[in-house]
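> Mind folding the following:
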Amino acid sequence: MTTAVDLRLTPAAGRIGAIVHDVRLGGDLSAETVAAIEGALYRHKVLFFRGQQHLDDAGQEAFARLLGQPVGHPTVPSADGRYIFELDATKGVRANNWHTDVTFVPSYPKASILRALELPEAGGSTVWANTAAAYQDLPEPLKALADGLRAVHTNDYDYAASLALTPELAENREVAELFRKVFVSTAFKTEHPVVRVHPVTGERNLLLGAFAQRIQGVSGADSRALIGIFQRYVERLENTVRWDWQVGDVAIWDNRATQHYAVNDYGDQPRLVRRITLDGDLPVGVDGTPSRLLEPTEPPAVPGLVPAEQLEPANS
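Next up, the predicted model:
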């Protein structure tokens, strides 16, 4: 059994990512190995495991439970009736925008675990970015500005345009049902700090991505300009790692310290991956002010939302 002292890692890029060797993922890993994986995750932000073809949905969930509490998606039904979120490219599900998972709710997931089941002959890579390194890259005046900003994140926006779907997919009734009637079956708006303090490492991370639609107290045009300035630091190639998937690969990422982008360069070929997310915590900014739910004002009982009695009124 692999233990913490012999966990073998190979860096996957200069600032983010590591390949973990000689670990067979499952629900039977020792506590020492789990602790080593968690430590490596906080250090490298995203971990890659090759050759995990033995994992099925139950095995993926059993492993996930060693790292935290799995949670379902707030609006999209799971593939297994529990926690599996399936991304099937043949149904138009292509997350080809820079985002952090589910930031439109306050306590968004702390980590995600993705397993590759079916892949195109070429293409279909995923790119991750280190949002702590992006913050560190900011000049001091931009750090000071970002530290005091709050952004509104929402799941209610133009997915067809954002995801650059082909006209056929954008007009497809099934795709429209997924992106407009299912994904936005409940429209959420959450105010987050633009700079989040990581609860484990203490690092400051830029909290933006596709769900961040405007800056509080700033006009639409100025919001877009400000978000664009900070987002460019996230997307700098120096802060990224690109992973070329093989069937059976598993990737785990710290969702509080990364953004990611699934590259849509494989046409109509199949690409099927399955994700489990782990319950997160309420973000706080540099000044200690937590995130807060703006809409709906009476939140439904879904994972990732703090109890209503803990929420500030939306108009405060």
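
> gap between the residue nearest to Gly209 when sequence neighbours are not counted and Leu207?
Leaving aside its sequence neighbours, Gly209 sits nearest to His99 (C-beta to C-beta, 6 or more residues apart in numbering; 4.0 Å). For every residue, glycine as well, the C-beta is placed using N, CA and C. Distance, His99 to Leu207, using C-beta to C-beta, to the nearest Å: 11 Å.

> from what I can see Asp244 touches Ser125, true?
Yes - taking C-beta atoms under 8 Å as the contact criterion, Asp244 and Ser125 are neighbours in contact, 5.1 Å apart.

> Any chance you could list what contacts stretch 20-27?
2, 6-10, 29, 33, 37, 40, 47-49, 52, 54-55, 59-60, 62-63, 65-66, 250 (C-beta atoms under 8 Å, 6 or more residues apart in numbering).

> picking up where we left off before, His99 and Leu207: which is more packed in?
Neighbour count, other C-beta atoms under 10 Å: between His99 and Leu207, Leu207 has more, with 29 against 20.

> hang on, the more buried one packs against Ala151?
Yes - counting by C-beta under 8 Å, Ala151 is a contact partner of Leu207 at 7.3 Å.

> Name the residues contacting each of the two.
His192, Pro193, Val194.

> Which pLDDT does the model give the last one?
When you say that, I think you mean Val194. Note on Val194: pLDDT of 98.

> any idea how far it is from Asn264?
Taking C-beta to C-beta, one finds Val194 at 27 Å from Asn264.

> for the first one, same thing?
Spatial separation of His192 from Asn264 under the definition C-beta to C-beta is 26 Å.

> before we move on, what about the second one?
As for Pro193, its distance to Asn264 is 30 Å (criterion: C-beta to C-beta).

> more crowded one of those two?
The residue with more neighbours, out of Pro193 and Asn264, is Pro193; 25 against 18, by other C-beta under 10 Å.

> show me what contacts the more buried one?
By C-beta under 8 Å, 6+ apart, the contact set of Pro193 is Leu149, Arg150, Ala151, Leu207, Pro283, Val284, Gly285, Val286, Thr289, Ser291.

> now do Gln52
Arg24, Leu25, Arg115, Gly248, Asp249, Val250 are the contacts of Gln52 under C-beta under 8 Å, 6+ apart.

> quick one: the nearest residue to Leu208 once chain neighbours are set aside and Ala146, what's the gap?
Excluding the flanking residues, the one nearest Leu208 by C-beta to C-beta, 6+ apart is Gln231, at 5.4 Å. Separation of Gln231 from Ala146 (C-beta to C-beta) stands at 11 Å.

> go on, Glu118?
In terms of C-beta to C-beta, Glu118 sits 40 Å off from Ala146.

> burial count for Asp88?
Neighbours of Asp88 (other C-beta under 10 Å): 17.
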